[in-house]
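A.B. asks: Okay, sequence plus prediction incoming.
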Amino acid sequence: MMKEGFDIDWLVDRGFAADIVKMLIGENEFADLDAFESLDRHSRRLRGMALQHLQFFIEYGDRKDPVDVDGKILSPYPEYFYAWKLAGCPGISLHQLDRLISVRRSSSS
């Protein structure tokens, strides 16, 4: 896995998965809307599945099994999340990811 994949894991393991979600949907100062626009359809799909996985993770924890919520089955997508990281985290600016890591490391020290 590439460095950014390990950076993503570092953030998730320390409780900052919501920061990654906000980057992926363009709702924090680390989001890079230009990174969204340059995505091909496969990268968009990976980004979307990584987003769904992170949202599931935030809501239900590190579960491997689906959950039933009001008759709707919600599932984690760890294989897509891994593929997204392996592909270099499409949809996230690596420069902005480095900035976020720097900010979170200094705030957790």
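C.D. replies: Okay, I see it. Numbering: from 1, shown residues only.

A.B. asks: Helix or strand: which one has the residue nearest the centre of the chain?
C.D. replies: The residue lying closest to the centre of the chain (C-alpha atoms, centre = their mean) is residue 20, at 4.6 Å. In the assignment (DSSP states H and E), residue 20 maps to helix 17-25.

A.B. asks: Run through the helices of the chain in chain order.
C.D. replies: 3-13, 17-25, 33-37, 41-60, 78-86, 94-107 (DSSP state H).

A.B. asks: So which elements touch the third one?
C.D. replies: Here helix 33-37 touches no other helix or strand, going by 3 or more C-beta pairs under 8 Å, 6 or more residues apart in numbering; DSSP states H and E. Backbone N, C-alpha and C define where each C-beta goes, glycine included.

A.B. asks: Report the distance from it to the chain centre.
C.D. replies: Remark: helix 33-37 is offset 15 Å from the chain centroid, using C-alpha atoms, centre = their mean, to the nearest Å.

A.B. asks: what comes up buried for it?
C.D. replies: By neighbour count with 16 or more other C-beta atoms under 10 Å, helix 33-37 contains the buried residues 35-36.

A.B. asks: Stretch 13-29 too?
C.D. replies: Residues of stretch 13-29 classed as buried: 16-24 (neighbour count, 16+ other C-beta under 10 Å).

A.B. asks: same question, stretch 39-54
C.D. replies: Within stretch 39-54, judged by 16+ other C-beta under 10 Å, the buried ones are 43, 46-54.
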